[in-house]
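Colleague: return atomic coordinates for the entry below.
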Amino acid sequence: MGTRSKKTTRVSVSIEPDHYHDLNQIAERSDASLAWVIRRAIVEFLDRHQETAFGKFPIRLEEQQGKQ
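Modeller: Below you'll find the predicted structure:
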């Protein structure tokens, strides 16, 4: 695992139990921590959507509100 850059911010999120299980499985297979897997997923997501204009996010807000 690489070194962390400068200052970090702690974030707390709630996820579906199935997603939590899947992330743990990935971490175990990768011999990595769950935190590292989640940080890596965030980096990949941001890289993929970096060019997306604000307000034109690919995930519809209505879909997410129905899940809360």
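Colleague: quick one: the helices in the chain?
Modeller: 17-30, 34-49, 61-65 (DSSP state H).
Colleague: by contact count, what packs against the second one?
Modeller: Contact here means 3 or more Cβ pairs under 8 Å, 6 or more residues apart in numbering; DSSP states H and E; on that basis helix 34-49 packs against helix 17-30. Any C-beta I mention is one placed from the backbone N, CA and C, and that applies to glycine too.
Colleague: from the contact counts, what lies against the helix it packs on?
Modeller: helix 34-49.
Colleague: on that earlier part again, so for Thr8, which of the helices of the chain sits nearest?
Modeller: helix 34-49 (9.1 Å; Cβ to Cβ).
Colleague: now that closest one against helix 17-30, angle please.
Modeller: Computed by axes from the mean of the first three to the mean of the last three Cα atoms, to 10 degrees, the angle separating helix 34-49 from helix 17-30 equals 100 degrees.
Colleague: what comes up buried for helix 34-49?
Modeller: Using 16 or more other Cβ atoms under 10 Å as the test for burial, helix 34-49 gives Val37, Ile38, Arg39, Arg40.
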